[in-house]
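Q: got a predicted structure plus its sequence, pasted below:
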Amino acid sequence: VEITHPKYPAFADLKLKWAAVPAISSFNLELGGVDYMCCPFNGWFMEQEVSRNLIERYNKGPAIAKACGFGDDVDEDATCWKERALAELNYAV
């Protein structure tokens with residue numbers, strides 16, 4: 001699913017995407033003493049989880065801040081750019 005923002009068109013240029021139904025394979029499921037190997041499993045993510053993964057795991061925070069127009073000083077913690085980028089990403093998700 002593509003992630004866009006209604007107020008910041010530059011979000012689309014980042015080409016941020018998230019899986020509609022995240023799934024894993026090679027999942028060992030044990031039920032009643034029987035092992036079911038390679039059982040697929042799917043889950044879901046809430047907006048905050050998607051946003052935090054994009055910011056923390058994939059390091060998209062500076063690019064998001066710049067797309068929103070407040071990323072000129074992403075090297076300074078005093079500007080709270082990380083918090084603002086996370087808030088706008090939550091809104092977009």
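A: Structure received.

Q: which residue ranges of the chain form helices?
A: 47-52, 61-67, 81-92 (DSSP state H).

Q: which one of the ones you listed is the most hemmed in?
A: Ranked by mean neighbour count under mean count of other C-beta atoms under 10 Å, the helices of the chain are led by helix 61-67, which reaches a mean of 21. (Glycine included, C-beta is placed from N, CA and C.)

Q: and the contacts of it?
A: The contact list for helix 61-67 (C-beta atoms under 8 Å, 6 or more residues apart in numbering) reads 5, 8, 10-11, 13-14, 54-55, 71-72, 74, 81-82, 84-86, 88-89.

Q: what mean pLDDT does that helix have?
A: Averaged over helix 61-67, pLDDT sits at 91.

Q: chain center to that helix: distance?
A: Put simply, helix 61-67 sits 13 Å off its chain's centre (C-alpha atoms, centre = their mean, to the nearest Å).

Q: quick one, phi/psi of the residue lying farthest from the centre of the chain?
A: No residue in the chain sits farther from the centre than residue 33, which is 36.6 Å out by C-alpha atoms, centre = their mean. The main-chain torsion angles of residue 33 are listed as degrees, to the nearest 10 and equal phi 80, psi 0.
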